[in-house]
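Asker: quick one: sequence and predicted model below, then my questions.
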Amino acid sequence: MTYDRRVEFTTHGPMVVNVLTVPRPGGLWTLKPVLSNEAIVGAERLTAMERRLSSTATVAGVNGDLTTSSGAPSGIVMRSGALDQPPLPGRSSIGFDASGTLDLARVTMLSTWQGSGPRRALNDVNGPPGGNGVSLITPAYGPTTPPTPGSFELTFGSFQQARPNVEIVATVTSVSANGGAQIPSGGAVLVARGTAAAFMQKEALPGQAVRIRLILKPAWSTTVDALGGGPVLVRNGKPIFRANEQFTPDQLLPRTARSAVGQLADGRILLVTIDGSRPGYSAGATNFELALEMVQLGAVTAAALDGGASSAMAFDGKLLSRPSGPERPIGDALLVSYAGVHLPLPAEAVVSPNGDGVADRQRLAYKIVRPSTVNANLVGPDGVSRYTYSGPAAPGTYPLDWPGTTPDGQPELEGRWRWVVSAADNTGVASAGERDFVLNRTLGFAAPVEPALAVPRPKARVVATFKLARAATITPRIETTSGVLLRTLPKVRAQPGDLQVAWDGVTDGGAVVYSGRYVAELTATNELGSVSLGAGFSVRRSIVFEVAK
């Protein structure tokens, strides 16, 4: 799985596109809708959902369907073949079969229940019944049925999975009224109101067998997981300008944050979030611009998910995107889960154990989510392991803090190091990962430079001093503390020793900077690669008054 953040410049301003490219579901990889708090009602932030699941998988994903006021998703929810909520027929439903193929369709539910009388309409699943309606409430709804004055309820102590397009037969174990009935963990409750409640009281008493059919049209007989969304964005590799789905212009035309799911021709999955409503950072996109972006990314099929303030993308409980405001709780999410060994990025891309307090140590780790036999090695540039573990490990995260020196404190070899971990879990499935980093002592700090640089000034003054352990090509830059480049100084070839960076307080554009803190960033490049180090310093700007004569 890869993550890419793209910045595209449009006539409306920059547009930041966050892209997760996911292997086709199968093996160690799964792609499924996840309910907030594992229930239909209530809402939960995307990052909280991922943290809740992080002990069982390494998780990444995006927000799901539009969330209603109750916290429930607005459209279909199907998990592992069980229908948790019916589709919205006027909008696209997003389904995946067992092979990981994405299917987009406008799906309708036509369902019935039957006791001792004729078949009668069943109107909803895990939603409150209408005035004369009937709803099937499963454990996916929550612990109890919603309070419904005037309702009549049949409780089934045992109820097979609520699979669509099959007849489900269950025996009534008890009856109740007005809602609030306990939903058995392996059972369900049928709730009716109005005339439907009167029929149910006559035709379904305790001990009566009740037949339920949850019929989808089209049947979606191979679909195992689904969530609501829409409109459809891409079909057969072509963008859809107007899908004629039940969305208002206010939902499609404004330039805002948006999310989508798509599939590439080779079966890989695209999860995309475009940041929006952040002037100067990302203007967002219209729905059709989202469709064009999905085609540009190579999608042959794609559909939109909820947009606006709900749009978000996260990895293992940390946001990758920048939502347009505080992260909003949502009803469901579309998450990819990886059950193999995962190696987080090393804490330092370049380790320089020279005692300056910057990148002196490396922090590595691996994570497993199933009992496994693990083989972990830290391999030096000479191909010899400096750290090795081989043996059983329980699920968890295993850190390694490495000082960059030998056990007796001597300098280790400079060059490229490899953190290599393989695991075979208790189901016999093997996985492996590798991370690289560089040990490079070329660059270090010398003594800090004080006092503050006074500007404007006629010529440059030293603002930072570095130590160079070996010859290198030096590229100095002056930046703000947030990383904005102000001045690129001449590149030079330097020999070992103290290296001074001098600056006159003027940007590349010729402007004198204001008072504040700045950073002298130095990059040293040689046969070991490139290493960068930044030294902070202060600027004090003088105010010059001119007196008219």
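Answerer: Yes, it's here.
Asker: what is Arg373 paired to in the beta sheet?
Answerer: One correction, residue 373 is Thr, not Arg. Note on Thr373: beta-bridge partners by DSSP bridges are Pro392, Ala424.
Asker: quick one: it and Ala423 touch, right?
Answerer: Yes: assessed by C-beta atoms under 8 Å, Thr373 is found in contact with Ala423 at 6.8 Å. Bear in mind the C-beta positions are built from the backbone N, C-alpha and C, glycine included.
Asker: need the overlap of contacts for the two.
Answerer: Common neighbours of Thr373 and Ala423 (criterion: C-beta atoms under 8 Å, 6 or more residues apart in numbering): Ala393.
Asker: between the two, which one's more packed in?
Answerer: Neighbours per residue, other C-beta atoms under 10 Å: of Thr373 and Ala423, the larger number sits with Ala423, 24 against 15.
Asker: and the more buried one, what does it touch?
Answerer: 340-341, 366, 368, 372-375, 393, 430-432.
Asker: would you list the residues you listed in JSON lines and tack on pLDDT and distance to Ala60?
Answerer: Formatted as JSON lines, these follow (pLDDT from 0 to 100; distance: C-beta to C-beta, whole Å):
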{"residue": "Gly340", "pLDDT": "97", "distance to Ala60": "14"}
{"residue": "Val341", "pLDDT": "97", "distance to Ala60": "16"}
{"residue": "Tyr366", "pLDDT": "98", "distance to Ala60": "17"}
{"residue": "Ile368", "pLDDT": "97", "distance to Ala60": "17"}
{"residue": "Ser372", "pLDDT": "97", "distance to Ala60": "21"}
{"residue": "Thr373", "pLDDT": "98", "distance to Ala60": "26"}
{"residue": "Val374", "pLDDT": "98", "distance to Ala60": "23"}
{"residue": "Asn375", "pLDDT": "98", "distance to Ala60": "26"}
{"residue": "Ala393", "pLDDT": "97", "distance to Ala60": "23"}
{"residue": "Ala430", "pLDDT": "97", "distance to Ala60": "22"}
{"residue": "Ser431", "pLDDT": "97", "distance to Ala60": "16"}
{"residue": "Ala432", "pLDDT": "97", "distance to Ala60": "19"}
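Asker: show the average pLDDT along stretch 65-75.
Answerer: Averaged over stretch 65-75, pLDDT sits at 94.
Asker: so which residues of the stretch 1-150 of the chain form helices?
Answerer: 46-53 (DSSP state H, counting those that start in this stretch).
Asker: remind me which residues of it are low pLDDT?
Answerer: Nowhere does the stretch 1-150 of the chain drop to pLDDT under 70.
Asker: which strand or helix spans the closest residue to Ser385 other than its chain neighbours?
Answerer: Closest residue to Ser385 apart from its sequence neighbours, by C-beta to C-beta, 6 or more residues apart in numbering: Asn377 at 4.4 Å. Using DSSP states H and E, Asn377 sits within strand 372-379.
Asker: report all helices and strands that that strand contacts.
Answerer: strand 362-368, strand 385-393, strand 396-402, strand 415-425 (3 or more C-beta pairs under 8 Å, 6 or more residues apart in numbering; DSSP states H and E).
Asker: just to revisit the earlier point, now do the same for the residue nearest to Ser385: its pLDDT.
Answerer: 98.
Asker: surely it and Thr388 touch.
Answerer: Yes: between Asn377 and Thr388 there is a contact under C-beta under 8 Å: 5.2 Å.
Asker: higher neighbour count, these two?
Answerer: Asn377 (17 against 10).
Asker: residues in a beta bridge with the more buried one, which ones?
Answerer: For Asn377, the beta-bridge partners under DSSP bridges are Thr388, Val420.
Asker: appreciated, that's everything.
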